[in-house]
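**Q** from the sequence below, what's the structure:
(one chain, ligands or ions: 1)
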Amino acid sequence: MDQIIVTGNGPLSGQIPIAGAKNACLTLMPATLLSEEPLTLTNAPRLSDIRTMTLLLQSLGAEVQALQDGQVLAMSSHDLTSTRAEYDIVRKMRASILVLGPLLARFGHAEVSLPGGCAIGARPVDLHLKAFEAMGAELDLRDGYVHAKAPAGGLKGGIVDFPFVSVGATENALMAATLAKGTTVLKNAAREPEIVDLAHCLRKMGAQIDGEGTSEITVQGVDRLGGATHRVVTDRIELGTYMLAPAICGGEVECLGGKIELLAAFCEKLDAAGISVEETPTGLKVARKSGRVSAVDVTTEPFPGFPTDLQAQMMALLCTAEGTSVLEEKIFENRFMHAPELIRMGAKIDVHGGTATVKGVDRLRGAPVMATDLRASVSLILAGLAAEGETIVSRVYHLDRGYEHVVRKLESVGAKIERVKEQ
Ligand code: UD1
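**A** This is a model prediction of the structure:
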């Protein structure tokens, strides 16, 4: 297994290109299952989660070709051979459940293993299943699989009223509704940019969708969808992560492709902490010019609130802030697994339930630490950039799920970072 070694090395400067969004790509790829005609995605990120989704689609008989060094995914579901997503692949990634809606809508039946994914809380899929039930599907949980069956004649439009906001359930229901008979209304829908991106792509394929980006999405079902070519939206979580690099160790970095509208709540918190964020014609320029950052309180919320996927990285910044910050995690339980690792580096953090209190210290010190999930692993790298001495991060396979070329990108702005085989 590989390790990443980071040595605190002072201010950063330069540009970092931001990739296409992992989470958008993971819902755009299963959209291919809705149509016989080809779907091509450009600006795809090169990540292990994308390779896992590729394998899953291929196991169903879809053609998925990674072109231009993986940045273009040419897909066709013309000759699917199966509607069963097996445990062996699904267990590697929770987003695998996103094949259920498209398969059920197009073929009237599907079997999908219950998913695994990051160890950040229970993460059930009940909201996904309730949405399909509202469209007339019969669902049965047997042998670790969801067995789903549409009524004769296919899924029917219905009212889906989500009791709370779920990104994945909104995406699954949205895809399924495009081919349902009649009108489906998704109430209390997620508003994330990845949902908007999915709706744009589905519309190019011929779907009739209104209201994406608001909490009520209306879908008028159509008989069939066609092909399309679609560019994956910028990864706002990768963007926020790299914006924190100069915030943490000083300097000025432009994140290419970044836009404030993708991360407005996060940018407000950076501003309150004393970090300058400026929109340029090509991206977002982030600078930390003065001394220590100020403490800020952060509560994670569905979009447009502060994203849970940036909570760990923000905590790394606040470890060296002037004053005490309170971070409240409202989306996932058990999402402070980075805190004990940051404490090993000298941070002062108290965790009680879903609240972490971070008392800023002058300086973190390098230490051997362990990555526990995707976002936690990158928070340790960020902390290492600001620490005195060497930080050795193990279990970096988590990182490969969501960050392409992290060493190369940080090195290009002056960070001292290398990836080595574990001794
Ligand atoms: C997506 C993102 C993930 C991000 C999360 C919240 C992808 C591939 N992943 O995950 O990176 O952290 O949104 O922004 O896009 N829940 C239920 N029942 C359900 C579904 C969800 O109880 O059927 C709960 C979850 O356990 C969680 C909350 O709802 O507490 C929100 O989860 P959800 O928005 O569904 O997250 P994902 O789509 O899994």
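
**Q** how close does G61 get to the ligand?
**A** Distance of G61 to the ligand, computed by CB to the nearest ligand atom, to the nearest Å: 23 Å. (Glycine included, C-beta is placed from N, CA and C.)

**Q** what kind of secondary structure is the closest residue to that residue other than its chain neighbours in?
**A** Nearest residue to G61 in three dimensions, chain neighbours excluded: T81, at 3.2 Å (CB to CB, 6 or more residues apart in numbering). Following DSSP: H, G, I helix; E, B strand; the rest coil, T81 is assigned to coil.

**Q** count of neighbours near T81?
**A** By other CB atoms under 10 Å, 9 other residues sit near T81.

**Q** I'd say it and L60 touch.
**A** Yes - at 6.9 Å, T81 counts as touching L60 under the criterion of CB atoms under 8 Å.

**Q** could I get the phi/psi values of the residue of the stretch 101-250 of the chain found nearest the ligand?
**A** At 2.7 Å from the ligand, G168 is the closest residue in the stretch 101-250 of the chain, using CB to the nearest ligand atom. The phi/psi pair for G168 (degrees, to the nearest 10) reads phi -60, psi -40.

**Q** any idea how far it lies from G257?
**A** Here the criterion is CB to CB, to the nearest Å. By it, G168 lies 24 Å from G257.

**Q** now swap in P11 and tell me
**A** Taking CB to CB, one finds P11 at 23 Å from G257.

**Q** ok, the two, which is more surrounded?
**A** A direct count of neighbours by other CB under 10 Å for P11 and G257 places G257 higher, at 20 against 15.

**Q** the more buried one against G283, yeah?
**A** Yes - using CB under 8 Å, G257 makes contact with G283 at a distance of 5.6 Å.

**Q** between these two, which contacts overlap?
**A** I18 (CB atoms under 8 Å, 6 or more residues apart in numbering).

**Q** contacts for the least confident helix or strand in the chain by mean pLDDT, please.
**A** The weakest-scoring helix or strand in the chain, judged by mean pLDDT, DSSP states H and E, is helix 397-400 (a mean of 89). The contact list for helix 397-400 (CB under 8 Å, 6+ apart) reads 1-2, 4, 47-48, 118, 371-374, 376-378, 381, 406.

**Q** quick one: name the residues of this protein near the ligand.
**A** 23, 26, 94-95, 121-128, 166-169, 308-309, 331-332 (CB under 6 Å from any ligand atom).

**Q** could I have the buried ones of those as ChimeraX selection syntax?
**A** Here is the ChimeraX selection string for the buried members of those, based on 16 or more other CB atoms under 10 Å:
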select :23,26,94,95,123,125,127,128,166,167,168,169,308,309,331,332
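
**Q** any weak-confidence spans in this structure?
**A** 116-123, 423 (pLDDT under 70).

**Q** if you set the cut-off to 90 instead, what comes out?
**A** Low-confidence segments of the chain, defined by pLDDT under 90: 1, 8-10, 92, 114-124, 142-144, 289-291, 332-334, 371-376, 395-398, 421-423.

**Q** what ranges do the helices span in it?
**A** Under the criterion DSSP state H, helices of the chain are mapped to 22-28, 48-59, 87-90, 100-107, 126-134, 167-178, 193-204, 236-249, 264-273, 311-318, 338-344, 374-386, 397-400, 406-411.

**Q** among the ones you listed, which is nearest A66?
**A** Shortest distance between A66 and these, using CB to CB, is found for helix 48-59: 7.0 Å.

**Q** can I get the closest one in CSV? Just the C-alpha atoms.
**A** C-alpha atoms of helix 48-59 as CSV (Å, rounded to 0.1, in the frame of the first residue of the first chain):
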residue,chain,number,x,y,z
SER,A,48,-11.0,4.7,-9.0
ASP,A,49,-14.7,5.4,-8.3
ILE,A,50,-15.2,6.1,-12.0
ARG,A,51,-13.4,2.8,-12.8
THR,A,52,-15.7,1.0,-10.4
MET,A,53,-18.8,2.5,-12.1
THR,A,54,-17.3,1.5,-15.5
LEU,A,55,-16.9,-2.1,-14.3
LEU,A,56,-20.5,-2.1,-12.9
LEU,A,57,-21.9,-0.8,-16.2
GLN,A,58,-19.8,-3.3,-18.2
SER,A,59,-21.1,-6.1,-16.0
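
**Q** now it: buried residues?
**A** Residues of helix 48-59 classed as buried: S48, D49, I50, R51, T52, M53, T54, L56, L57, S59 (neighbour count, 16+ other CB under 10 Å).

**Q** what comes into contact with it?
**A** 22, 25-26, 29-30, 32-33, 44, 64, 66, 70, 73, 75, 77, 82, 85-86, 89-90, 92-93, 95-96, 99, 397, 400-402.

**Q** what about 6 Å?
**A** Applying CB atoms under 6 Å, 6 or more residues apart in numbering, the contact partners of helix 48-59 are K22, C25, L26, M29, V64, I89, K92, M93, S96, D400, R401.

**Q** from L202, how far off is the nearest residue to the third one once chain neighbours are set aside?
**A** Looking back up the chat, that one is L26. In space, and not counting its chain neighbours, L26 is closest to A95: 4.2 Å by CB to CB, 6+ apart. Per CB to CB, A95 is found 17 Å from L202.

**Q** likewise for E278?
**A** Plainly put, E278 is 34 Å away from L202 if you go by CB to CB.

**Q** which one of those two has more residues nearby?
**A** L202 (25 against 12).
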